[in-house]
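Engineer: This is the structure alone, sequence omitted:
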């Protein structure tokens, strides 16, 4: 069993006449195109350390099996706004696991998509930790409730958004949490 000890976050956008090539260009922009990516679900391992993107990218090996949580969205509609985000919520106790979440949307700003992904991760963690909250409250209110509980120490997100190419080329956005 492999339990990652480190994680980094990256993002990218690609534009091309072919859908697959657009995705490849987004991977290149994110710096992970040389990896064989394996998508995993949304658990942030206990004792996992976040490292800078640049440090993580240097450790990747061409052709290596690389586990990640990825949010992806694409369009070939001119000027259509697309976004993709990965949210993170960490418990105060590093011996406990946290949550990652993926969210992708059309017509949402980068800020809104990122906050939504962050909210998803925090809500999943809050329910696991038994934190009581008003599910109908705005994210900012729930964020304060979560952090005031003393059980959730940090939330964050990485998000990429772009407008569809004006000439109808494929535009792909990705946000990725990469495990090492």
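Structural biologist: Thanks, I have it. This structure is a prediction, so every number in the text was calculated from the model and none was measured. Numbering: from 1, shown residues only.

Engineer: Pick out the residue closest to the middle of this structure.
Structural biologist: In the chain, the C-alpha closest to the average C-alpha coordinate belongs to residue 86, at a distance of 1.8 Å (C-alpha atoms, centre = their mean).

Engineer: Strands of this structure, residue ranges please.
Structural biologist: Using DSSP state E, the strands found in the chain span residues 6-16, 36-39, 43-44, 49-50, 65-75, 81-91, 98-106, 152-163, 170-179.

Engineer: Residue 115: which of these is closest?
Structural biologist: Nearest of the strands of the chain to residue 115, taken as C-beta to C-beta: strand 152-163 at 7.0 Å. (C-beta placed from N, C-alpha, C; glycine too.)

Engineer: which residues sit against the lowest-mean-pLDDT helix or strand in the chain?
Structural biologist: The weakest-scoring helix or strand in the chain, judged by mean pLDDT, DSSP states H and E, is helix 139-148 (a mean of 87). Contact with helix 139-148 is made by 89, 115-116, 118-119, 122-123, 125-126, 131, 133-134, 137, 152-153, 155, as judged by C-beta atoms under 8 Å, 6 or more residues apart in numbering.

Engineer: Now the buried members of those residues.
Structural biologist: In these, burial by neighbour count holds for 89, 115-116, 118-119, 122-123, 125-126, 131, 133, 152, 155, counting by 16 or more other C-beta atoms under 10 Å.

Engineer: returning to that earlier point: among the strands of the chain, which comes closest to residue 28?
Structural biologist: Of all those, strand 6-16 sits nearest to residue 28, with 7.0 Å by C-beta to C-beta.

Engineer: pLDDT on the closest one, on average?
Structural biologist: When pLDDT is averaged along strand 6-16, the result is 98.

Engineer: what does stretch 165-178 give?
Structural biologist: Per-region confidence: stretch 165-178 scores 98 on mean pLDDT.

Engineer: If we go by neighbour counts, what in it is buried?
Structural biologist: Residues of stretch 165-178 classed as buried under the neighbour-count rule (16+ other C-beta under 10 Å) are 165, 169, 170, 171, 172, 173, 174, 175, 176, 177, 178.

Engineer: Residue 98 and residue 157, how far apart?
Structural biologist: Shown here: residue 98 relative to residue 157, a distance of 13 Å by C-beta to C-beta, to the nearest Å.

Engineer: Would you mind grabbing the residues shared as contacts by these two?
Structural biologist: Residues touching both residue 98 and residue 157 by C-beta under 8 Å, 6+ apart: 88, 121.
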